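1. whatever this is, show me its structure:
(one chain, ligands or ions: 2)
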Amino acid sequence: MQIEKRYTLLINGQHVESSTGEWFETYNPATGERMAQVAKASRADVDKAVDAARRALNGKWGRFSAARRSQVLNQIAAILRARFNELCELEVLNSGKSLGNAQGQVMQAIEDFELYAAAALAHEGRSKPVPNGFLNYTVKEPVGVCAQIVPWNYPFMMAAWKLAPALAAGCTIVLKPATLTPITALVLADICQEAGVPDGVVNVITGSGSDVGAYLVEHPGVDKVAFTGETSTGKDIMARASQTLKRVTLELGGKSPNIVFADADFDAAIDGALFGIYYNTGQSCEARSRLIVQEEIYDRFMDAFVEKAKKLVMGNPLDKGTHIGSIISEQQVEVIDGYVRSAVEQGARVVYGGKRPEGAEYEKGHWYMPTVIADVSNDMKVAQEEIFGPVIVMTKFKDEQEAVALANDTIYGLAASVWTQDFGRAHRVAGKIKSGIVMINNPFSAFPGLPFGGYKQSGFGRELAMESLDLYTETKSVLAYIGEKPLNPFGL
Ligand code: NAP
Ligand code: MG
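-> Numbers count the residues shown, from 1 in each chain. Ligands and ions are numbered 1, 2, ... in the order given. You can find the predicted model right below:
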């Protein structure tokens, strides 16, 4: 299936071409076929989008009650449900991910809108007892115009993770999708319009991150930047946003550990470890990319893991039986392969994969085999840097203390899985790991309602949960004097 279409910017509810008339092209990563032409926004377009968002904030949307915003969010979810199959297929073409992955992510996006439809009603201020004659209450007010910048690995779901809480909080938005995968975010914005979000509340700018993305982050008309992407980009964004002291939330990279103790349910740990790394072809911020296994079972675990990895089906992402889709770009394939070479140079052993797959079906598009690298020490590049591909590195440990030390020996702190049947150990280790999410005996890191976000250089802020609403609102404290006698603080 090939889609040849033009996608335009969405500014103030209108589909518009770039003010410069420029376009860029997007490709299906699994086939290399051209998918669409997309408007390449200019800085003047960013100005228009920010202006539209500001006017929408001060207009009709600003007067929507929480109940009405909640209805709109539910309506978005209803349209997404009705268009589920079409959206999943479009996301596959947009990103090269397997249909099964896309289905899970579109469903999660739907549940996210439903979650925030409810959360909009539940988010409230409080009243604090204060001295007699006074009354205090707090009010949650929308933080304002939000720049939301998202990556290519979960193009639809990340856009939903960003839009849903911002809309629930009453903010307005300028969304910038990744240049490699802009299409489904544009469709989602259209669905927001169709569901009753007023013009100018959701605007979408497509174009270069280093140009219009950076300009958006610096824009004095923007109150908050919510960013998901690479840690290095996050640092640049934080520096730029500091000039106007914007609110910033950053969801960044990871190098998440998967710790397997010798007493774990062996087969469950194998299956969970496979999913933890090869889900989304390893192109996940929360990928459990470091497999840290207790020494007594290390060799046996490695052999069983490789045997199962061989059974994973890689190929046409639209086939229902496919587990592993393509890599986003040829450049990313080169990056992944470079990491594998570096591991070999540093003395590690490639025990499976480590190359592009062979066969006619992989001649077009961008592919890399599921890869297992053993005998990795934690100081190697492949143990410290995010590879962002289907590559797992294996390290052994002696005891609980060493497992925790290895797990924490990274600049990142996003997610971790722990496999053990010892209840006390599971929770002890969970308590000691410096990461925003710890999974015990399972590989699943993101459920709507559970806070998702990083420690250390994996960023700050939380998505998917009530905590996110606090990050899209300012808390105003109102202190009223209600006493009978007038106040005379100077006693004059
Ligand atoms: P990226 O290169 O940092 O780009 C992310 C977004 O930022 C894109 O829209 C990009 O636009 C834009 N951008 C680039 N430079 C910018 C700048 N100087 N100012 C403003 N915007 C800029 O990330 P990616 O390669 O798309 O995504 C992969 C990364 O995302 C991985 O590191 C992964 O771990 C992380 N991630 C984190 C989470 C999480 O929740 N923690 C979730 C998913 C992914 P262009 O596309 O035009 O360059
Ligand atoms: Mg990048």
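2. would you agree Asp265 is in contact with Gln421?
-> Yes - when contacts are counted by Cβ atoms under 8 Å, Asp265 is listed as touching Gln421 (6.4 Å). For the C-beta atoms, the positions are set from N, CA and C on the backbone; glycine is no exception.
3. near ligand 1, which residues of the stretch 101-250 of the chain?
-> 149-154, 176, 178-180, 208-210, 213-214, 217, 228-230, 233, 236-237 (Cβ under 6 Å from any ligand atom).
4. just checking, which of the residues you listed belong to helices?
-> Residues of these located in helices (DSSP state H): 214, 217, 233, 236-237.
5. need these in CSV (columns: distance to Leu135 and neighbour count).
-> CSV is the format used below for those (distance: Cβ to Cβ, whole Å; neighbours: other Cβ atoms under 10 Å):
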residue, distance to Leu135, neighbour count
Ala214, 45, 17
Val217, 40, 25
Thr233, 45, 21
Asp236, 45, 17
Ile237, 40, 26
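6. can you tell me if stretch 278-289 touches ligand 1.
-> Yes - using Cβ under 6 Å from any ligand atom, stretch 278-289 comes into contact with ligand 1 via Cys285.
7. helix, strand or coil: sort out the residue nearest the centre of the chain for me.
-> By Cα atoms, centre = their mean, the mean C-alpha position of the chain lies nearest to Met158, the distance being 4.8 Å. Here Met158 takes the helix state, with states given by DSSP: H, G, I helix; E, B strand; the rest coil.
8. what pLDDT does it get?
-> At Met158, the model reports a pLDDT of 98.
9. which residue sits closest to it in space, ignoring its chain neighbours?
-> With Cβ to Cβ, 6 or more residues apart in numbering as the criterion, Met158 has its nearest non-adjacent residue at 4.1 Å, and that residue is Val150.
10. contacting residues for that neighbour?
-> When contacts are counted by Cβ atoms under 8 Å, 6 or more residues apart in numbering, Val150 touches 158-159, 162, 175-178, 185, 228-229.
11. among the residues you listed, which ones are in strands?
-> Judged by DSSP state E, strands contain the following of these: 175-176, 228.
12. any of the residues you listed buried? List them.
-> Neighbour counting over these (16 or more other Cβ atoms under 10 Å) leaves 175-176, 228 as the buried ones.
13. as CSV, those with pLDDT would be great.
-> Below are these laid out as CSV (pLDDT from 0 to 100):
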residue, pLDDT
Leu175, 99
Lys176, 98
Thr228, 98
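14. looking at those residues, spot the one nearest Glu17.
-> Lys176 (16.9 Å; Cβ to Cβ).
15. ok, what's across the strand from that closest one?
-> Residues in a beta bridge with Lys176, per DSSP bridges, are Ile149.
16. that one against Tyr215, yeah?
-> No - with contact defined as Cβ under 8 Å, Lys176 does not reach Tyr215; the gap is 10.1 Å.
17. so where's the stretch 351-492 of the chain shaky on pLDDT?
-> Residue ranges of the stretch 351-492 of the chain with pLDDT under 70: none are present.
18. all strands of the stretch 101-250 of the chain, in order?
-> 134-142, 145-149, 172-176, 202-204, 224-228, 247-251 (DSSP state E, counting those that start in this stretch).
19. report the contact partners of the residue lying closest to Lys320 once chain neighbours are set aside.
-> In space, and not counting its chain neighbours, Lys320 is closest to Leu99: 6.3 Å by Cβ to Cβ, 6+ apart. Under the criterion of Cβ under 8 Å, 6+ apart, the contact list for Leu99 reads 88-89, 92, 317-320, 322.
20. closest to Trp61 out of the ones in helices among the residues of the stretch 101-250 of the chain next to ligand 1?
-> Comparing those against Trp61 with Cβ to Cβ places Val217 closest, at 22.8 Å.
21. and the stretch 301-450 of the chain, which of its residues are near ligand 1?
-> Counting by Cβ under 6 Å from any ligand atom, the stretch 301-450 of the chain sits next to ligand 1 at 386, 388, 414.
22. I'd like to know how many residues surround the second one.
-> Read that as Phe388. Neighbourhood size, Phe388 [other Cβ atoms under 10 Å]: 24.
23. so it makes contact with Val335?
-> Yes - contact criterion Cβ under 8 Å: Phe388 and Val335 qualify, at 7.3 Å.
24. so which strand or helix has Val429?
-> Element membership for Val429, per DSSP states H and E: helix 423-432.
25. what's the spacing between that helix and its chain's center?
-> Its chain's average C-alpha position is 26 Å from that of helix 423-432, according to Cα atoms, centre = their mean, to the nearest Å.
26. alpha carbons of that helix, as CSV, please.
-> Below are the C-alpha coordinates for helix 423-432, written out as CSV (Å, rounded to 0.1, in the frame of the first residue of the first chain):
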residue,chain,number,x,y,z
PHE,A,423,9.4,-11.2,47.4
GLY,A,424,11.7,-9.3,49.8
ARG,A,425,14.6,-9.1,47.3
ALA,A,426,12.3,-7.8,44.5
HIS,A,427,11.1,-4.9,46.6
ARG,A,428,14.5,-4.2,48.1
VAL,A,429,16.0,-3.9,44.7
ALA,A,430,13.1,-1.9,43.4
GLY,A,431,13.8,0.6,46.2
LYS,A,432,17.5,0.9,45.4
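27. in the chain, where's the longest helix?
-> helix 99-122.
28. same question for that one, mean pLDDT?
-> The average pLDDT for helix 99-122 rounds to 98.
29. same check on stretch 42-60?
-> Per-residue pLDDT over stretch 42-60 has a mean of 98.
30. quick one: buried residues of that stretch?
-> Across stretch 42-60, burial judged by 16+ other Cβ under 10 Å covers 42-43, 45-57.
31. and those, which two are the farthest apart?
-> Ser42 and Leu57 (23.1 Å).
32. my read: Gly144 touches Lys224, true?
-> Yes - between Gly144 and Lys224 there is a contact under Cβ under 8 Å: 6.7 Å.
33. what touches both of the two?
-> Common contact partners of Gly144 and Lys224 (Cβ under 8 Å, 6+ apart): Cys171.
34. look up how far Leu479 lies from the closest residue to Tyr137 other than its chain neighbours.
-> Distances taken as Cβ to Cβ, 6+ apart place Ser127 nearest to Tyr137, at 4.6 Å, with adjacent residues excluded. Distance from Ser127 to Leu479, counting by Cβ to Cβ, to the nearest Å: 11 Å.
35. find residues that contact each of these two.
-> With Cβ under 8 Å, 6+ apart, Ser127 and Leu479 have common neighbours 135-136.
36. can you pull out the helices in the stretch 201-350 of the chain?
-> For the stretch 201-350 of the chain, the helices defined by DSSP state H, counting those that start in this stretch cover 214-218, 231-242, 266-278, 298-309, 330-345.
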